[in-house]
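S.K.: just a sequence and a predicted model for now, questions to come.
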Amino acid sequence: MAVLNEEQVMLRDMAREWSDNEAPVSAYRRMRDTAPPEGYDADLWRAQGDMGWAGVIVPEAHGGAGMGYLSLGLVIEQMGRNLTASPLAATAAATGALLLGGSETQQAKWLPRIAAGEAVATLAIDEGPHFAPERIATTVSNDRISGTKAFVAEGDSAGLFVVAATDGLYLVSDAEGVTRSPRRMVDARSHAEIRFDSAPAERLGNGGDGLLAAVCDRAAALTAAEMLGMATSAFEQVNDYLKQRSQFGQTLDHFQALQHRMAKMLTEIELMRSAVEGALEAIDARRSDVDQAASLAKALAGDTLHLVSREMVQLYGGVGMTDEYDAGFYLKRARVLENRWGNAAWHRGRFARLNGY
């Protein structure tokens, strides 16, 4: 587990308190029922911007806090506990692309707006149903980009897209030549198919040949942080439920078979935490093994959240399948995040290749 400094502890505790008080799971349920076009509560997003969360990884020179990915991961983890619907993670992933490959002019234009919570940004990478950064057909000619991106997170409201093309990454603002088609998925969050028809584009050229992979690694690590928060909260909710529900004259937590299942989940969550925080620390330290750390974190996150979300429904029993309980929300969001930026099998294969197997 990571050793947090005083500022990080304060940030984590503040994020947890705010999420519990202002954005509990009931707020997610309300968002799902009202279905705002953005796919999130705009008031909650403004509050996050006011608290400076959108600028956690943005350098101070551009109006941010410059606290790094581990600090941002702590915030996203706490929001994940309550399934907070927010464009923070998607915007942070796009911010990472700007930090890695943006010119001074591009950074000066966009980073202050992102840090202030005024701009929602996102990555537009995949063109099919699965994560496949090696299969990109989007092209650019005379600074005009054309192609279609599938299931872009926060695509309904983003004002800035970081788009993968055959020859690199490009910035595309919400201007001419951009068409959005909402894609409603089981987690009731914002996903859209984005079509670019000769849209004006600016190349991100400072990151070298490995820019796309580095950007995706950072996005995967942040997604794993959200998944860690979800797994932790799901476990805690099930643990409380087993202590309250009685069967055969005693509460369910007295049954040894259920104790074994809970112990298995707790062990896996602790391993997951170590891997996720390790990946975020590797990014902050600019280590050479960020790719391996990110794949390890995302693979463990996928396996663990799959286990915990499934067990949450199972251990709640029949009521776990009803909409009255929150278990289904965690299961549905889990299945979406498991496949974002590569599922567990994809990252295990990549980790093996990186180590020469």
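M.R.: Ah, there it is.
S.K.: tell me what Gln247 is bridged to.
M.R.: Bridge pairing for Gln247 (DSSP bridges) gives the partners Gln250.
S.K.: tally of neighbours for it?
M.R.: Per other C-beta atoms under 10 Å, the neighbour tally for Gln247 reads 10. C-betas here are computed from N, CA, C, even on glycine.
S.K.: now do it against Phe255, distance only.
M.R.: According to C-beta to C-beta, to the nearest Å, Gln247 stands 8 Å off from Phe255.
S.K.: what does Ala231 give?
M.R.: 22 Å.
S.K.: higher neighbour count, these two?
M.R.: Neighbours were counted for Ala231 and for Phe255 using other C-beta under 10 Å; Ala231 has more, 29 against 14.
S.K.: phi first, then psi, for that one.
M.R.: Note on Ala231: its backbone torsions stand at phi -60, psi -40 [degrees, to the nearest 10].
S.K.: check which residues of stretch 190-208 are buried.
M.R.: Applying a neighbour-count criterion of 16 or more other C-beta atoms under 10 Å, one finds 190-194, 196, 199-204, 207 buried in stretch 190-208.
S.K.: among the residues you listed, name the ones in strands.
M.R.: Applying DSSP state E to the buried residues of stretch 190-208, the entries found in strands are His191, Ala192, Glu193, Ile194, Phe196, Ala199, Pro200, Glu202, Arg203, Leu204.
S.K.: ok, the fifth one - contacts?
M.R.: In this structure, Phe196 makes contact with Thr138, Ile145, Ser146, Gly147, Thr148, Lys149, Val163, Val172, Gly177, Val178, Thr179, judged by C-beta atoms under 8 Å, 6 or more residues apart in numbering.
S.K.: now flag whichever of those residues is closest to Val238.
M.R.: Lys149 (36.7 Å; C-beta to C-beta).
S.K.: checking that closest one next. Helix, strand or coil?
M.R.: strand (DSSP: H, G, I helix; E, B strand; the rest coil).
S.K.: strands along the stretch 51-200 of the chain, start to end?
M.R.: Using DSSP state E, counting those that start in this stretch, the strands found in the stretch 51-200 of the chain span residues 121-124, 139-141, 144-153, 160-165, 168-173, 178-182, 191-200.
S.K.: and the last one, average pLDDT?
M.R.: For strand 191-200, the per-residue pLDDT values average out at 97.
S.K.: partners of that strand, with directions?
M.R.: When pairing is defined by DSSP bridges, strand 191-200 lines up against strand 144-153 (antiparallel), strand 178-182 (antiparallel).
S.K.: okay, angle between it and strand 160-165 too, please.
M.R.: Per axes from the mean of the first three to the mean of the last three C-alpha atoms, to 10 degrees, the angle that strand 191-200 makes with strand 160-165 is 80 degrees.
S.K.: list just the nearest of the ones in strands among the buried residues of stretch 190-208 to Met1.
M.R.: Distance to Met1 across these (C-beta to C-beta) is lowest for His191, with 32.6 Å.
S.K.: the closest one and Ser157 touch, don't they?
M.R.: No: His191 sits out of contact with Ser157 when judged by C-beta atoms under 8 Å, with a separation of 11.5 Å.
S.K.: list residues touching both of these two?
M.R.: Both His191 and Ser157 are in contact with Gly39, where contact means C-beta under 8 Å, 6+ apart.
S.K.: burial count for Asp289?
M.R.: 15.
S.K.: let me see the contact set for it.
M.R.: Asp289 is in contact with Ala282, counting by C-beta under 8 Å, 6+ apart.
S.K.: what does the pLDDT read for it?
M.R.: Listed pLDDT for Asp289 reads 97.
S.K.: can you count the residues close to the nearest residue to Leu74 once chain neighbours are set aside?
M.R.: Of all residues not flanking Leu74 in the chain, Arg12 sits nearest, at 4.2 Å (C-beta to C-beta, 6 or more residues apart in numbering). By other C-beta under 10 Å, 17 other residues sit near Arg12.
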